[in-house]
Structures are given as structure tokens and as C-alpha cells.
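>>> predicted model and sequence follow; I will ask about them next.
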There are 4 protein chains.
Amino acid sequence: MTDLPHPPPDLPALQRRLAEFAAARDWQPYHTPKNLVAALSVEASELVEIFQWLTPEQSARVMADPDTAHRVRDEVADVLAYLLQFCEVLGVDPLAALAAKIERNELRFPVRREPGA
Amino acid sequence: MTDLPHPPPDLPALQRRLAEFAAARDWQPYHTPKNLVAALSVEASELVEIFQWLTPEQSARVMADPDTAHRVRDEVADVLAYLLQFCEVLGVDPLAALAAKIERNELRFPVRREPGA
Amino acid sequence: MTDLPHPPPDLPALQRRLAEFAAARDWQPYHTPKNLVAALSVEASELVEIFQWLTPEQSARVMADPDTAHRVRDEVADVLAYLLQFCEVLGVDPLAALAAKIERNELRFPVRREPGA
Amino acid sequence: MTDLPHPPPDLPALQRRLAEFAAARDWQPYHTPKNLVAALSVEASELVEIFQWLTPEQSARVMADPDTAHRVRDEVADVLAYLLQFCEVLGVDPLAALAAKIERNELRFPVRREPGA
């Protein structure tokens, strides 16, 4: 497209691109929170499908096969896309929500330290 | 922790915090890709559960109730946390995956323009 | 196949046929409870996918389209098949489990009767 | 309820009891196919949740623990209940759908026989 490399995308920029993408195609009437969260769960299950018959050891090696690696990246993108669109229509900041949750979990699951460590 | 406000978190920083969080608690043996993707789908379903009996109109108003709004943000955080941990163990860059997917979708779903527009 | 009509199948007979089907193909090593329940959730999501962008009213009319009706029946069969195989490997009786649950729910959600009714 | 033991329940009888249960509580307006299939997928995920951090070997022994065994039976009942209610509102016969699917799968996955066997 251009001689200059793209800057690495950040989450808010991708969220805006997704919103513009949907608006340009008049998809907003379909993008109720209820529908978007259903689509999110369907995409998460498509990711599960890749792993459903694998042993734990096989599951750790999926990226060694180029076709499976592509499929994994594609489904990760779909999950993230619907999560961001869901957050967009409800005004949720996903990064702030995760930062707050990590802080709650640090209190909820304190690190056990060995005596003397 | 400090007198200075936290800068807004970015996705790679949160991904590192989650990796450190799991390592400090010796949770890595549980964090196979297969297990993490199951956990991701379970959290996506907990988000679906909030909406399952709502009409489309009710689903658009969930953030007006503080308890439901908290629950929505909490489940969004859980979905994003497992997605990032899944990406971490498989070496997938979720932002690059989504940027590539948006570019593919722009070709796959071209915007129909009205004649003369 | 035959001049005589098949008797209507019952659940235990279908459960046995599924067990024989898997045994004849040496699929039992894949049929851990963990894998079967993942497959069950994936099939449930394939059923969700049919409905994800539909309005409640459209969702009530899916059987009017022969292709969609076939897809619905096919996914119902997949969900039931994995549920029965899961029950088989764990020794769960699904009909007894459901009968017990209905009895618990009759206590948990008593019918409100109008005064004088 | 009675001095006589209940006959073992069959699927059509349980389906009728579920329909009566919902009608007595005026729940039918909530029971659109779209909502019921979302609820089905949520219950399937609650079953996944029991297994998500277990090894394949641990997953095969869940019924040895009475509390987990109860939870498994309870979630199996929920999955089956929503599947039957979904079938009820759309007029799908789940046993006929499964019998037809098994017949299609017998053609799709023929048993490989060893030479001379």
C-alpha cells in the first residue's frame, strides 16, 4: 500500500476501524449487544473446535502446522473483533476492565511465598 | 502504589501482567492452549447468560443498571484475559491477527456504493 | 430399506447405537469426558450460529425454509449425540437426571395461583 | 406421591412435562428459539467449566466425587431440558433427527475392515 511500514496497530484504533467497517455496510441494526455476544461465543467455540480431539501435548504444537496456525490466528481475530464491537455498542473500555480485574485478582489470589524466600 | 496516575494500560502490557500473574502462582501447567480456549468459551458464555432472556431493546440498556454493568465489565475482562493468555502460550499477536483479518474482510465485503454517490 | 416401518427410536437404543458406532471406528481413545463435553459445546454453538443475527420473530420461523430446517435438525442431532456419548462414558442416565431436575424445579419455582382461582 | 414406583421416564413424556412447566409459569414469551438455543449453549458451557482445568485422566474420574457427580448430572439435565424445549417450540423430533444423522454418518464414516477380517 505504501513504502512506509504500518505502525503496529493498537486496540482503540482497531476498535474504531471495526465501527467504521460496520457503519459503512449498514450493519448496526444487527449489532445489538445480545447478537454480538452470541457471535462472540460462536467464534470462541470455533477456536475450541480446533482443539477438541487433541491431547494437551498436541494442543501445544498447533502452530507448527501452517494451515492450523492460520486458522488459529483467524479465529483469535474473530473473537477479538466481536469483543471490541460488543464493548463499542455498550461503551465498555476493555483495557480498563481488564486492568481493574487483574487488580481484584491480585487481592483474591495472593502469591504464597515460601518461608525465608 | 504511587502518587502518579497510572497511564492507560495497553494490550501488550496487560498480556505481560497476566503472564507474570500466572507464573507467580505456578499456574502454567494448567495453561495448555486446549484448557485456555475452553476457559475462554466458558467466559464468553457467562457473558451470553446476562443477555439470554432479554429482548434486543433490553439488551441495549444493560449498562443502566450498576450491578449488571459491573457484571458485564467483569466478564469482558475474563474473556480478554483468557484470549491474551491463549495468545501468549501460542505466540499469536492478537492485534496483528485482527488487523490482517480486517484487511481480508474489506476485500470480502466491499462497500456497495449508490450510483452517482 | 424394508417393508416394515422402523419402530420409533428411543433414547437408550440410540445411545447404544452411538456407542457401537464409536467402538467400530476405534474412536474411544478420543472420547474422554473432557473432549466430549467440548464437542457438545461446539455443536450447541453451531445451533446458536443459525440464530445469531435473527430477530426473535425471524427465529420463530426458521423451519419454514427447508435448508435451514435441515440444518437445525442436523445440529440438534449433533448436540444430542455428544450429550448421549458423554453420559455413556460417565455412566450418567440423562432421563433420570432430567426427571430429578424437573422435580427440584417444581419446588424451586412454585406456580403462583391467583386468589380464588 | 404414590405407592407405585414411577416408570422410567421417556423423552417424549419429559418433553411434555417441560412444556407444561413453562406454560404454568407463563414463561413462553421468553422461550423463543433464539433464547432457548442461547440458554442451551450456556448450560453446555457450565458442563465444560467442570472439566476445563482437568487432565484427560482426571476428567474420566469426576463421578467418584459425590459433589462433582451431582453437578455433572444437574448440568446434563439442564442441557437436555433446553434442547427439548427448543425442539418443542420448533416442532423438531430430536430422536428422529438423531436416528437420521446416525444413518448418514454410517455412510460418511464407513468402518474400515482389515483384509481377511
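Yes, it's here. Numbers count the residues shown, from 1 in each chain, chains lettered A, B, ... in the order given.

>>> contacts only, for the nearest residue in space to A:Leu47 that is not next to it in sequence.
Nearest non-adjacent residue to A:Leu47, counting by CB to CB, 6 or more residues apart in numbering or on different chains: A:Glu75, 4.3 Å away. Where C-beta positions appear, they are placed from N, C-alpha and C, glycine not excepted. Taking CB atoms under 8 Å, 6 or more residues apart in numbering or on different chains, we find A:Glu75 in contact with A:Glu43, A:Glu46, A:Leu47, A:Ile50.

>>> give me the angle between the longest helix anywhere in chain A and helix B:66-90.
In chain A, taking DSSP state H as the definition, the longest helix is helix A:66-90. On the basis of axes from the mean of the first three to the mean of the last three CA atoms, to 10 degrees, helix A:66-90 is oriented at 160 degrees to helix B:66-90.

>>> can you tell me what sits against the next helix or strand after helix A:66-90?
Scanning forward in sequence from helix A:66-90 by DSSP states H and E, the next helix or strand is helix A:94-108. Contact partners of helix A:94-108, identified using CB under 8 Å, 6+ apart, comprise A:11, A:83-84, A:87, B:6, B:8-11, B:14, B:17-18, B:21, B:73-74, B:76-78, B:80-81, B:84.

>>> so which of those residues also contact chain C?
By CB under 8 Å from any CB of the partner chain, no member of the contacts of helix A:94-108 lies near chain C.

>>> who touches the strand or helix carrying A:Arg16?
Using DSSP H and E, the element containing A:Arg16 is helix A:11-24. Under the criterion CB under 8 Å, 6+ apart, residues A:28, A:31, A:80-81, A:84-85, A:87-88, A:94-95, B:10-11, B:95, B:98-99, B:102, B:105-106, B:111 lie in contact with helix A:11-24.

>>> low-confidence ranges, chain A, go.
A:1-8, A:113-117 (pLDDT under 70).

>>> what sits against the residue most central in space within it?
Nearest to the centroid of the C-alpha atoms of chain A, with distances taken as CA atoms, centre = their mean, sits A:Leu80, at 2.8 Å. By CB under 8 Å, 6+ apart, the residues touching A:Leu80 are A:Leu14, B:Leu83, B:Pro94, B:Ala97, B:Leu98.

>>> what separates the third one from chain C, distance-wise?
In this case it means B:Pro94. Applying CB to the nearest CB, to the nearest Å, one obtains 21 Å for the distance of B:Pro94 from chain C.

>>> the closest residue to A:Tyr82 other than its chain neighbours: neighbouring residues, count only.
Leaving out its chain neighbours, the residue that sits closest to A:Tyr82 by CB to CB, 6+ apart is A:Leu40, at 4.0 Å. Neighbourhood size, A:Leu40 [other CB atoms under 10 Å in any protein chain shown]: 29.

>>> again, but for the one 10 residues further on
The local packing count at A:Ile50 equals 18, with neighbours defined by other CB under 10 Å.

>>> coming back round to it: ok, then the element right after the helix holding A:Arg16?
As assigned by DSSP H and E, the chain's next helix or strand after helix A:11-24 is helix A:33-51.

>>> how about the residues of chain A by chain D?
Residues of chain A lying close to chain D by CB under 8 Å from any CB are A:Ala38, A:Ser41, A:Ser45, A:Thr55, A:Pro56.

>>> and which of those residues is nearest C:Met63?
A:Ala38 (19.6 Å; CB to CB).

>>> ok, the residue nearest to that closest one when sequence neighbours are not counted to chain B distance?
Distances taken as CB to CB, 6+ apart put C:Gln52 closest to A:Ala38, at 4.4 Å, once the chain neighbours are dropped. Look at C:Gln52 and chain B: by CB to the nearest CB, they are 11 Å apart.

>>> my guess is C:Gln52 contacts A:Leu40. True?
No: in this structure, C:Gln52 is not within contact of A:Leu40 by CB atoms under 8 Å, at 9.6 Å.

>>> tell me which residues touch the nearest residue to A:Thr68 once chain neighbours are set aside, please.
In space, and not counting its chain neighbours, A:Thr68 is closest to A:Val62: 4.9 Å by CB to CB, 6+ apart. A:Val62 makes contact with A:Ile50, A:Phe51, A:Leu54, A:Thr68, A:Ala69, A:Val72, B:Pro33, B:Leu90, according to CB under 8 Å, 6+ apart.
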